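Chemist: Sequence first, then the predicted structure:
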Amino acid sequence: MSVEEIFETVRAILAEQLELDPAEINMDTNIIDDLDADSLDFVEMVTSIEDEYNIVITDESVGDFKTIRQVVEYLKEKI
């Protein structure tokens with residue numbers, strides 16, 4: 001799976017969850033600062049990603065997620 005495919009999936013999940021236009025989300029978007037996501041949004045995002053890719057994301061890894069790029073790079077390594 002390519003980085004672009006992973007990005008598109010993550011962007012779609014966040015756009016739907018936060019009711020945003022997907023065009024507002026790019027690789028360097030900060031999930032909390034730019035998208036005004038709160039901790040519940042963050043947990044829902046991680047859960048949706050885990051379900052989508054059938055993986056488990058550790059709490060330690062989640063703590064490293066600031067930007068969409070960091071999420072995508074993590075997923076690229078895991079899937």
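Modeler: Yes, it's here. Predicted model, so just to flag it, every value in this text is computed and none were measured.

Chemist: Let's see the lowest-mean-pLDDT helix or strand in the chain as PDB, backbone CA atoms only.
Modeler: When each helix and strand of the chain is scored by mean pLDDT, DSSP states H and E, helix 59-62 comes last, with a mean of 92. Only the C-alpha atoms of helix 59-62 are listed here, as PDB (Å, rounded to 0.1, in the frame of the first residue of the first chain):
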ATOM      1  CA  ASP A  59      -0.400   4.000  23.400                       C
ATOM      2  CA  GLU A  60       3.300   4.900  23.100                       C
ATOM      3  CA  SER A  61       3.000   5.300  19.400                       C
ATOM      4  CA  VAL A  62      -0.200   7.400  19.700                       C
END
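
Chemist: centroid residue for this protein?
Modeler: Nearest residue to the geometric centre of the chain (CA atoms, centre = their mean): residue 10, 4.7 Å.

Chemist: For that one, give me its contacts.
Modeler: Contacts here follow CB atoms under 8 Å, 6 or more residues apart in numbering; on that basis residue 10 touches 49, 68, 71, 72, 75. Yep, even glycine has a C-beta here, placed from its N, CA and C like the rest.

Chemist: want to try CSV for those, with secondary structure, distance to residue 18 and pLDDT as columns?
Modeler: Listed next are these as CSV, based on DSSP: H, G, I helix; E, B strand; the rest coil; distance: CB to CB, whole Å; pLDDT from 0 to 100:
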residue, secondary structure, distance to residue 18, pLDDT
49, helix, 14, 98
68, helix, 12, 98
71, helix, 14, 98
72, helix, 17, 98
75, helix, 19, 97
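
Chemist: So which of those residues wins on neighbours?
Modeler: residue 71 (25 neighbours; other CB atoms under 10 Å).

Chemist: State whether that one and residue 49 are indeed in contact, as I suppose.
Modeler: Yes. Counting by CB atoms under 8 Å, residue 49 is a contact partner of residue 71 at 7.3 Å.

Chemist: Do a quick rundown of the helices in this protein.
Modeler: Ranges of helices within the chain are 3-18, 39-53, 59-62, 68-78, based on DSSP state H.
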